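1. next comes the sequence, and after it the predicted model I'd like to discuss.
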Amino acid sequence: MDTTAVFGAERPVVGMVHLPPLPGAPRYDADGGREAIRDAVRRDAERLDAGGVDALLVENFGDAPFYPDSVPRHVVADLTALVGTVREVTDRPVGVNVLRNDGPGAVAVAAATDASFVRVNVHVGARVADQGVLEGRAHETTRLRERVDTDVALLADLDVKHSAPLGADASDVPALTGEAADRGLADGVVVTGDGTGHTTDLGTVRAVTERRDGTGRDLPVFVGSGVTADTVGDALSVADGVIVGSALERGGEAGNAVSVDRVEELVAAADAVR
């Protein structure tokens, strides 16, 4: 994958747009309605753009408890509208992640909005999470990508946060690289800590990149959690990009409004090493 073509930079900083609860979710604010959601999304996207991230990733973060696989049609519809809102306020590449594990839904939204990439939490294999057993649906996601005629790039988590492997062999994270790329046809992979905002073990990231390099795969490796202005330099010394959410939000708390100052600080620290 050409990271510059997809994400706008060689070692990109991807900033998260954490959506408020959508209609139908238990915490949805019916008083504010869809207009309040659009306003919050527009605000955060504008702040990420102004702060200098290379790309934005839209995620239905507020919809907990999450559906384990396919989300209802109304969620796909709202996500499509909101990704469209993000596309209106920035020329930077935009991606989609449909929690908890709707890869086909993400591809559909991306195709309809001309987004550049999607992230899939469990693309191959199986994991145990608070939603139960999450099963990889690479066969559906990749076939839909062909069917709707979109060249959207596909990022697959290898050992996704808030879950545990199902099966002894699944704990060997570097070994999952080949499964995701060769059998799941992922274009890039993501390594995370064990929870939102939790530090990602860079030793594991290094092992994944070494496994990738040993096989000659063109497969960018992203750090997907726990990146801050203090750690982004170390992360980019071993990874090909970072995905950042909590550290860019007010008080460093996931779900808060994006802070332009925090974005600028982290991007400046990233620029210092790339």
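-> Yep, it's here. Residues are numbered from 1 along each chain as shown.
2. would you map the strands across the stretch 51-200 of the chain?
-> 55-59, 94-97, 117-120, 126-129, 132-135, 153-157, 163-165, 188-191 (DSSP state E, counting those that start in this stretch).
3. any idea which of those strands gets closest to D29?
-> Nearest of these to D29, taken as Cβ to Cβ: strand 55-59 at 18.1 Å. In short, each C-beta sits where N, CA and C put it, glycine included.
4. what sits up against the helix or strand hosting E210?
-> Using DSSP states H and E, E210 maps to helix 202-215. By Cβ atoms under 8 Å, 6 or more residues apart in numbering, the residues outside helix 202-215 that reach it are 158-159, 173-175, 177-178, 189, 191, 219, 221, 223, 234-235, 238-240.
5. just the buried subset of those residues, please.
-> Among those, those classed as buried by 16 or more other Cβ atoms under 10 Å are 158-159, 173-174, 177-178, 189, 191, 219, 221, 223, 235, 238-240.
6. just the C-alpha atoms of stretch 40-49, please, in CSV.
-> Provided in CSV are the C-alpha atoms of stretch 40-49 (Å, rounded to 0.1, in the frame of the first residue of the first chain):
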residue,chain,number,x,y,z
ALA,A,40,-20.3,17.9,17.0
VAL,A,41,-18.9,15.9,14.0
ARG,A,42,-18.3,19.1,12.0
ARG,A,43,-16.6,20.7,15.0
ASP,A,44,-14.2,17.8,15.6
ALA,A,45,-13.4,17.3,11.9
GLU,A,46,-12.6,21.0,11.5
ARG,A,47,-10.4,20.9,14.6
LEU,A,48,-8.5,17.8,13.4
ASP,A,49,-8.1,19.4,10.0
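7. how far is it from where the chain is centred?
-> 17 Å (Cα atoms, centre = their mean, to the nearest Å).
8. what does stretch 219-239 give?
-> Offset of stretch 219-239 from its chain centre (Cα atoms, centre = their mean): 14 Å.
9. same check, this time on stretch 180-199
-> Here stretch 180-199 shows a centroid-to-chain-centroid distance of 9 Å under the convention Cα atoms, centre = their mean.
10. can I get it in PDB? Just the C-alpha atoms.
-> What follows is stretch 180-199, C-alpha atoms only, in PDB (Å, rounded to 0.1, in the frame of the first residue of the first chain):
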ATOM      1  CA  ALA A 180      -4.500 -10.900   7.700                       C
ATOM      2  CA  ALA A 181      -2.500 -10.100   4.500                       C
ATOM      3  CA  ASP A 182      -2.200 -13.300   2.500                       C
ATOM      4  CA  ARG A 183      -5.500 -15.000   3.400                       C
ATOM      5  CA  GLY A 184      -7.600 -12.000   4.400                       C
ATOM      6  CA  LEU A 185      -6.200  -9.600   1.700                       C
ATOM      7  CA  ALA A 186      -5.800  -6.700   4.200                       C
ATOM      8  CA  ASP A 187      -3.800  -3.800   2.900                       C
ATOM      9  CA  GLY A 188      -2.400  -2.800   6.300                       C
ATOM     10  CA  VAL A 189      -2.500  -3.900   9.900                       C
ATOM     11  CA  VAL A 190      -3.100  -2.300  13.300                       C
ATOM     12  CA  VAL A 191      -1.500  -3.200  16.600                       C
ATOM     13  CA  THR A 192      -3.100  -1.900  19.800                       C
ATOM     14  CA  GLY A 193      -3.000  -2.000  23.600                       C
ATOM     15  CA  ASP A 194      -5.600  -3.900  25.500                       C
ATOM     16  CA  GLY A 195      -8.100  -1.000  25.800                       C
ATOM     17  CA  THR A 196      -9.000   2.500  24.500                       C
ATOM     18  CA  GLY A 197      -6.100   4.800  25.200                       C
ATOM     19  CA  HIS A 198      -3.900   2.000  26.500                       C
ATOM     20  CA  THR A 199      -0.300   1.900  25.500                       C
END
